[in-house]
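**Q** need a structure here:
(one chain, ligands or ions: 1)
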Amino acid sequence: MKRIVTIQDISCIGKCSLTVALPIISAMGVETAIVPTAVLSTHTAFNNFTFCDLTKEIQPISDHWNAENFKFDAVYTGYLGSKEQIDLMASFFDRYKADGNIIFVDPAMGDNGKLYKGFDQDFAKNMAKLCSKADIIVPNLTEACFMLGAEYKESGYDEAYIKGILKDLCKLGCKTAVLTGVSFEEGKLGVMSYNAKDDRFFSYYNNKIPKSFHGTGDIFASTCVGALMNGLNLDKALEISADYTAESIQATLDDPKGNWYGVNFEEKFPYLLKRLGK
Ligand code: PXL
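**A** Below you'll find the model as predicted:
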């Protein structure tokens, strides 16, 4: 069985970060080790959330695992809380990078043109440095623009704008950049990727669901890691991840009791496993 490690916070209620990565990647048949970077009562879209920082645990956990000689087929980072945590992740990558494994960075820090509470431009620049060490990064357009110091366009952009951003992301040093939330056509939304070595773009779209939810970027990224660990190539992994995320959003809208703070991804596990041929 493949083993990955994912490093991000636990938002106890909110269906994001570790509370989606752990169930999704496990359900896909992959051992999922975790390093919780912080415990929050909810994600940061709620008011008055509690926050317990776990930065000081990260290095001791890594040291213990190293002494036990644990290896990982992928190292996947999501929401990180500080520059110090980013620096710790850079060392973590140096220690656990191996031939054939995947360093996967989701620079989760914003959406819709704005950074989440607690982040600033300086944090985005540090995240860009972490991306330089990755095999694959999966920012949305907001995160990409903050990392590059580029102009954010909500809509009305053309393919040249997106291709330029993807190339600039790869110039940071990562091998492949994936941009989520890309739309060139009214009613369509998808992803576009660029592999610098092969100088190759790939894109995939489905129908846009006119409502956005927290945690959907985490669902997309987790599914992508799980699909890659199931032996799919990145193009196929992106298709399945986009479709499963869209299915989960739609299931939430179809549920009269659907929550505002996260999507019904649990309901769509049978769909996800079917897409994997399981
Ligand atoms: O889904 C990204 C995310 C992860 N973790 C925390 C968040 C958010 C988004 O707001 O607040 C704590």
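
**Q** Going by C-alpha atoms from here, please, whenever you check contacts or count neighbours.
**A** Fine.

**Q** For the residue of the stretch 101-250 of the chain found nearest the ligand, which non-adjacent residue is spatially closest?
**A** At 3.9 Å from the ligand, residue 215 is the closest residue in the stretch 101-250 of the chain, using C-alpha to the nearest ligand atom. Once its chain neighbours are removed from consideration, residue 215 has its nearest residue in residue 16; the separation is 4.3 Å (C-alpha to C-alpha, 6 or more residues apart in numbering).

**Q** Surely that neighbour and residue 218 touch.
**A** Yes - using C-alpha atoms under 8 Å, residue 16 is in contact with residue 218, at 6.1 Å.

**Q** Kindly state the pLDDT recorded for residue 158?
**A** With respect to pLDDT, residue 158 scores 95.

**Q** Contacts only, for it.
**A** Going by C-alpha atoms under 8 Å, 6 or more residues apart in numbering, residue 158 touches residue 184.

**Q** Residue numbering should commence at 68 henceforth.
**A** Got it, the first residue is 68 from now on, which makes the last one we talked about residue 225.

**Q** In stretch 141-154, which residues are buried?
**A** Along stretch 141-154, the positions that meet the burial threshold by neighbour count (16 or more other C-alpha atoms under 10 Å) are 141-149, 152-153.

**Q** circling back: and residue 83 and residue 285? Which one has more around it.
**A** Regarding residue 83 and residue 285, a neighbour count based on other C-alpha atoms under 10 Å identifies residue 83 as having more, with 26 against 23.

**Q** Next to the ligand in this structure, residues from the stretch 218-345 of the chain, please.
**A** Residues of the stretch 218-345 of the chain that fall close to the ligand, judged by C-alpha under 6 Å from any ligand atom: 281-282, 285.

**Q** picking that back up, give me the pLDDT value at the residue of the stretch 168-317 of the chain closest to the ligand.
**A** Each residue has a pLDDT score; the one for residue 282 is 96.
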